[in-house]
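Trainee: please find the sequence and the predicted model below.
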Amino acid sequence: MNAPMRLGLLQYGVGRPGSVADFAQALEERLEHGRAGADLLVLPEYACVELGAALAGGDAADEAGELAAVVAAAPDILAAMRQAARRLGVWLLPGTLPVRRPDGRVVNRAPLIDPDGRMAVQEKRAMTRFEAERWGVAQGADPGVFDTPWGRIGVSVCYDVEFPKHVRVQVEAGAWVVLAPSCTDTMHGFNRVRIGAAARAMENQCYVAITPTVGLAPWSAALDVNRGHAAVFGPVDRGFPEDGVLARGALDMEEWVFCTLDPARLTAVRDDGQVRNHRDWPSRPFAAPMPADFA
């Protein structure tokens, strides 16, 4: 039986660390504030790319230069993330970081780290135009799931949560919570993630949580503008809020947002809701639609 989870989502204000050591210190300070209120702490997609400008040589860096610098430093950045989880004794999804695979491709990887520093990863599968056309970030692995003390969870990074099948295969594999860390530079982009996450929660009768990078960072070519707020969505049915929103933060401000997720509420609504979206998901593909005949 899955256990209730207290989730902590950090709306991450993009800063200007001068080194990996500076990033590591700021990370631990942020996590120290969050760990008392949550079982699992979640940071946004690409939060560590705030390091890019400094690692690439300062204000003259461009998008490609920042990405290359962060990829080169990825092993040290990941080590800092794992050390923070061990030192503070927390379960941590520290956002994502761009890493180079042995075949030379750069992918966007989300590590889930346990309090002992052990790690499993989910790669982002669907690339935005910025990632594919300007950064050269490649498609990652198919969706998987993670076994945790609170049951099975999934991670659908940013753009991935806008695609029903990505989340659906995770839910069908037993995930009752899906985490969707994001990084968006317009309200259009943020709202696509927000609407997608709310839809995935509704159609799968599960929990979906988002949290973005926030704030202005004119020194960074890659993370210069960051919009959004954290939120947790559930089914839109009895026993839940009328809009399905269980928690949300203030727009464009750094803060922690906390929410307790109870799997028993999902079981109740799947068994006896006004609708049964989870059960009624089509079991086979629809036939290709044909024009109807008018008599």
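Mentor: Cool, got the structure.
Trainee: what is the rounded mean pLDDT of stretch 206-226?
Mentor: Throughout stretch 206-226, pLDDT has a mean value of 96.
Trainee: how far does stretch 243-258 sit from its chain's centre?
Mentor: Here the centre of stretch 243-258 is set off from its chain's centre by 14 Å, with C-alpha atoms, centre = their mean, to the nearest Å.
Trainee: can you check stretch 188-199 too?
Mentor: In terms of C-alpha atoms, centre = their mean, the centre of stretch 188-199 is set 12 Å apart from its chain centre.
Trainee: residue contacts, the closest residue to G52 other than its chain neighbours?
Mentor: In space, and not counting its chain neighbours, G52 is closest to E66: 2.9 Å by C-beta to C-beta, 6 or more residues apart in numbering. The way it works is simple: take the backbone N, C-alpha and C, and place the C-beta from them, glycine included. With contact set as C-beta atoms under 8 Å, 6 or more residues apart in numbering, E66 has these partners: 49, 52-53, 55-56, 220-222.
Trainee: please redo it, this time with the cut-off set to 6 Å
Mentor: With contacts taken as C-beta atoms under 6 Å, 6 or more residues apart in numbering, E66 has the following neighbours: 52-53, 56, 221-222.
Trainee: what about those residues, which one has the most neighbours?
Mentor: Neighbour counts for the contacts of E66, by other C-beta atoms under 10 Å, peak at A53, which reaches 28 neighbours.
Trainee: state the helix or strand in which it lies.
Mentor: Secondary structure here is read from DSSP states H and E; on that basis A53 sits in helix 52-55.
Trainee: which SSE is D252 in?
Mentor: Under the criterion of DSSP H and E, D252 resides outside all helices and strands.
Trainee: distance check, it against L223.
Mentor: Using C-beta to C-beta, to the nearest Å, one gets 13 Å for the distance from D252 to L223.
Trainee: give me the pLDDT value at A287.
Mentor: At A287 the predicted local confidence, pLDDT, stands at 89.
Trainee: please tell me how far it sits from D160.
Mentor: Taken as C-beta to C-beta, the spacing of A287 relative to D160 amounts to 27 Å.
Trainee: just to revisit the earlier point, C-terminal to the helix holding A53, what's the next element?
Mentor: Going down the chain from helix 52-55, the next helix or strand is helix 63-88, by DSSP H and E.
Trainee: for the contacts of E66, give me a markdown table that also has distance to V232.
Mentor: Output for the contacts of E66, formatted as a markdown table (distance: C-beta to C-beta, whole Å):
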| residue | distance to V232 |
| --- | --- |
| G52 | 29 |
| A53 | 32 |
| A56 | 35 |
| A221 | 32 |
| A222 | 27 |
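Trainee: which of those residues lies closest to M119?
Mentor: Out of those, the one with the shortest distance to M119 is G52. That distance is 22.4 Å, counting by C-beta to C-beta.
Trainee: look at the closest one and report its pLDDT.
Mentor: With respect to pLDDT, G52 scores 95.
Trainee: isn't it up against V70?
Mentor: Yes. G52 is in contact with V70 according to C-beta atoms under 6 Å; the separation is 4.9 Å.
Trainee: follow-up on the earlier one: now, among the contacts of E66, which is nearest to A126?
Mentor: Within those, the smallest distance to A126 is 18.8 Å, found for A222 (C-beta to C-beta).
Trainee: list the buried residues for the strand or helix carrying R279?
Mentor: For R279, the enclosing helix or strand under DSSP H and E is helix 277-280. Taking 16 or more other C-beta atoms under 10 Å as the basis for neighbour counts, the residues of helix 277-280 that come out buried are 277-278.
Trainee: which outside residues touch that helix?
Mentor: Outside of helix 277-280, the residues within contact range by C-beta under 6 Å, 6+ apart are 203-205, 270.
Trainee: export the residues you listed to TSV and append columns for neighbour count, secondary structure and distance to D22.
Mentor: Below are the contacts of helix 277-280 laid out as TSV (neighbours: other C-beta atoms under 10 Å; DSSP: H, G, I helix; E, B strand; the rest coil; distance: C-beta to C-beta, whole Å):
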residue	neighbour count	secondary structure	distance to D22
E203	19	helix	42
N204	24	helix	40
Q205	26	coil	43
R270	17	helix	46
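Trainee: nearest to R35, of those?
Mentor: N204 (28.9 Å).
Trainee: ok, the closest one to D280 distance?
Mentor: Applying C-beta to C-beta, one obtains 11 Å for the distance of N204 from D280.
Trainee: please consider this matter closed, and thank you.
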